[in-house]
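Enquirer: how does the following fold in three dimensions:
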Amino acid sequence: MADGKILATIERSETEQLQISLSEYKGTNYLNMRIFFTTDGGATWIPTKKGVTFTAEQLDLLTEAIEEAKQELMADAE
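Expert: Predicted coordinates:
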């Protein structure tokens, strides 16, 4: 796996974004969701301490939680 492969970027403001990426550390693959910020108009994005990391074994639970949240949010929107 290529280290630090960005899967998605969600803009939170002009100077802040959530990056969802795959990475490897000490032979283990992870899914990372981390807030990044910029001070130079977006030329450089710097990671913050705000974020979470998931192992492959935790992804099923995360997926189930996201699906449940999506169903509830969509029901509330109707």
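
Enquirer: sort out which residues of the worst-scoring helix or strand of the chain on mean pLDDT are buried, please.
Expert: Using mean pLDDT, DSSP states H and E, helix 59-77 stands out as the lowest-scoring helix or strand of the chain, at a mean of 93. By 16 or more other CB atoms under 10 Å, helix 59-77 has no buried positions at all. In short, each C-beta sits where N, CA and C put it, glycine included.

Enquirer: go on, stretch 21-29?
Expert: 21, 23.

Enquirer: tell me the mean pLDDT for it?
Expert: Mean per-residue pLDDT for stretch 21-29: 93.

Enquirer: what's the first-to-last distance across it?
Expert: 11 Å (CA to CA, to the nearest Å).

Enquirer: likewise stretch 33-46?
Expert: Distance between the boundary residues of stretch 33-46 (CA to CA) amounts to 13 Å.

Enquirer: average pLDDT for that stretch, rounded please.
Expert: Mean predicted confidence for stretch 33-46 is 96.

Enquirer: which residues touch Phe36?
Expert: Counting by CB atoms under 8 Å, 6 or more residues apart in numbering, Phe36 touches 16-19, 45-48.

Enquirer: quick revisit: which residues sit against the least confident helix or strand of the chain?
Expert: By CB under 8 Å, 6+ apart, helix 59-77 touches 31, 54.

Enquirer: thinking again about what came up before, can you flag the buried ones in the contacts of Phe36?
Expert: For the contacts of Phe36, buried by 16+ other CB under 10 Å: 17, 19, 45.

Enquirer: how big is the angle separating the helix or strand hosting Asn29 from helix 59-77?
Expert: Assigned by DSSP states H and E, Asn29 belongs to strand 28-37. Using axes from the mean of the first three to the mean of the last three CA atoms, to 10 degrees, the inter-axis angle of strand 28-37 relative to helix 59-77 is 40 degrees.
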